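>>> heads up, no residue letters with this:
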Ligand SMILES: NC(=O)c1ccc[n+]([C@@H]2O[C@H](COP(=O)([O-])OP(=O)(O)OC[C@H]3O[C@@H](n4cnc5c(N)ncnc54)[C@H](OP(=O)(O)O)[C@@H]3O)[C@@H](O)[C@H]2O)c1
């Protein structure tokens with residue numbers, strides 16, 4: 001993509017912060033492939049492969065990356081920083097989101113671990129720090145007190161959450177509001193075949209509170225590219241952890257894939273691009289997405305998905321074809 005094209009991708013505010021993000025960011029959980037629990041889903045990537053993914057994402061207009069402490073305990077963060085350095089990117093030109101892992105921990109670990117996050121990401125700084133899930137031993141009050149402290153100390157630029165319900169998100173928002181701070185985002189599983197947030201109050205609450213929804217697994221681990229519908233052998237070659245439950249999703253989404261296939265044809269694009277474009281446009285500016293990639297070609301395709309202009313009729317047609325997943 002040329003520099004001129006890159007500039008036409010309009011950015012959105014991350015919640016009510018002053019941070020500008022592109023509708024699609026790059027998820028880099030795959031950079032911890034081959035290690036910890038990730039080895040059951042993704043193979044290890046060499047530095048050359050991960051550097052390529054980072055550079056290709058940037059070259060195709062993506063301006064932000066999502067990682068986490070839990071992704072290889074610093075490995076994904078480190079490989080991301082290496083990739084950004086290899087691409088000669090300045091800290092001021094990239095947005096980085098990472099996460100604190102609350103499982104079996106107390107809030108004080110937020111302050112204890114923030115320097116590890118910064119060290120792994122060095123020389124890049126943290127624009128968004130998220131509580132990975134609502135499962136700490138400490139109260140929300142204590143967790144957000146700690147997050148507010150590290151924000152006030154200048155160690156992070158904004159605060160987000162992940163996998164929080166509507167009522168948990170509202171509580172997080174209210175605790176931060178009392179301190180004069182905003183809750184930037186809630187990162188949840190949302191895709192054309194996982195539409196629960198449309199009925200469980202999360203999406204409505206996000207719109208009302210001005211919180212950005214960051215969709216994780218926006219392609220439902222690749223299912224929404226249609227590649228497994230077309231090639232059963234490819235599906236059978238997946239590690240078992242990725243095959244879990246997905247056979248049913250593949251069977252039930254055939255009609256949706258057919259609908260997106262014909263829309264993709266008329267836009268000279270792919271099913272995956274249509275699925276991503278729908279996700280980041282159907283609800284206005286509220287939803288952004290962070291597809292993961294194991295290949296640079298996927299980062300290229302996913303970045304280019306931002307430039308497609310679906311008509312309102314096409315957006316509605318896709319919505320109808322996926323209504324069985326609401
Ligand atoms: N907050 C949370 O609890 C949480 C949980 C999970 C993930 N996340 C975040 O969300 C990100 C994305 O989630 P995810 O990686 O699980 O799901 P995803 O983005 O739905 O799927 C990524 C996988 O889909 C395939 N893919 C990607 N682009 C493609 C394309 N253009 N065409 C065909 N196939 C394509 C690749 O599979 P192959 O490798 O098989 O080619 C890739 O590894 C993660 O990287 C992570 O940052 C957050």
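Done, it's in. Not measured: the values here are computed from a predicted model. Residues are numbered from 1 along each chain as shown.
>>> Return the residues in contact with the most centrally placed residue in the chain.
For the chain, the residue whose C-alpha lies nearest the mean C-alpha position (Cα atoms, centre = their mean) is residue 290; its distance is 2.9 Å. The neighbourhood of residue 290, defined by Cβ atoms under 8 Å, 6 or more residues apart in numbering, consists of 24, 25, 26, 27, 66, 187, 214, 215, 216, 218. In short, each C-beta sits where N, CA and C put it, glycine included.
>>> Show me what the third one bridges to in the sheet.
So that's residue 26. residue 65 (DSSP bridges).
>>> That one against residue 57, yeah?
Yes. In this structure, residue 26 is within contact of residue 57 by Cβ atoms under 8 Å, at 4.0 Å.
>>> Overlap of the contact sets of these two?
When Cβ under 8 Å, 6+ apart defines a contact, the residues bordering residue 26 and residue 57 alike are 65, 293, 299, 302.
>>> Enumerate every residue touching the first one.
Read that as residue 65. 25, 26, 27, 28, 54, 57, 80, 84, 94, 95, 96, 97.
>>> what does the third one give?
By Cβ under 8 Å, 6+ apart, the contact set of residue 299 is 26, 53, 56, 57, 60, 62, 293.
>>> Restrict the residues you listed to those that also contact the ligand, please.
Restricting the contacts of residue 299 to those within reach of the ligand (Cβ under 6 Å from any ligand atom) leaves residue 293.
>>> from the contacts of residue 299, which is closest to residue 133?
Proximity of the contacts of residue 299 to residue 133 (Cβ to Cβ) peaks at residue 26, which lies at 21.4 Å.
>>> Residue 301: what secondary structure?
Counting by DSSP: H, G, I helix; E, B strand; the rest coil, the backbone at residue 301 sits in helix.
>>> Quick one: residues contacting it.
Applying Cβ under 8 Å, 6+ apart, the residues contacting residue 301 are 270, 272, 273.
>>> got the buried residues for stretch 243-251?
The neighbour-count check on stretch 243-251 (16 or more other Cβ atoms under 10 Å) flags 246, 249, 250 as buried.
>>> Next, work out how far apart the last one and residue 256 are.
Separation of residue 250 from residue 256 (Cβ to Cβ, to the nearest Å) stands at 11 Å.
>>> isn't there a helix covering residue 71?
No. According to three-state DSSP, residue 71 belongs to no helix; its state is coil.
>>> what about the closest residue to it other than its chain neighbours, distance to the ligand?
Taking Cβ to Cβ, 6 or more residues apart in numbering, and ignoring the residues beside it in sequence, residue 71 has residue 32 as its nearest neighbour in space, at 4.0 Å. Taking Cβ to the nearest ligand atom, to the nearest Å as the measure, residue 32 falls 9 Å from the ligand.
>>> so residue 32 touches residue 77, yeah?
No. At 9.2 Å, residue 32 does not count as touching residue 77 under the criterion of Cβ under 8 Å.
>>> who's more crowded, the two?
When residue 32 is set against residue 77 and neighbours are counted by other Cβ atoms under 10 Å, the residue ahead is residue 77, at 30 against 27.
>>> Quick check: closest non-adjacent residue to the more buried one.
Nearest residue to residue 77, sequence neighbours excluded (Cβ to Cβ, 6+ apart): residue 120, at 3.8 Å.
>>> List the contacts of that neighbour.
Each residue near residue 120 by Cβ under 8 Å, 6+ apart is listed here: 74, 77, 78, 81.
>>> again, but for residue 55
For residue 55, the set of contacting residues under the criterion of Cβ under 8 Å, 6+ apart consists of 83, 86, 87, 296.
>>> Make sure it is indeed in a helix.
Yes. For residue 55, which was evaluated using three-state DSSP, the result is membership in a helix.
>>> what about it, distance to the ligand?
When distance is defined by Cβ to the nearest ligand atom, residue 55 is 16 Å away from the ligand.
>>> ditto for residue 287
The value you get for residue 287 to the ligand, if Cβ to the nearest ligand atom is used, is 13 Å.
>>> Next, give phi and psi for that residue.
Backbone torsions of residue 287, given as degrees, to the nearest 10, read phi -100, psi 130.
>>> Bridging across strands, which residues link to it?
In this structure, residue 287 has beta-bridge partners residue 213, where bridges are defined by DSSP bridges.
>>> pretty sure it is touching residue 215, no?
Yes. Taking contact to mean Cβ under 8 Å, the distance of 5.8 Å between residue 287 and residue 215 places them in contact.
>>> ranking the contacts of residue 55 by neighbours, who comes first?
Greatest neighbour count in the contacts of residue 55, by other Cβ under 10 Å, goes to residue 83: 26 neighbours.
>>> which secondary structure element contains it?
helix 75-86 (DSSP states H and E).
>>> Need the per-residue pLDDT for the nearest residue to residue 222 once chain neighbours are set aside.
Once flanking residues are discounted, residue 222 sits nearest to residue 228: 6.9 Å by Cβ to Cβ, 6+ apart. Looking at residue 228, its pLDDT reads 95.
>>> All set now, cheers.
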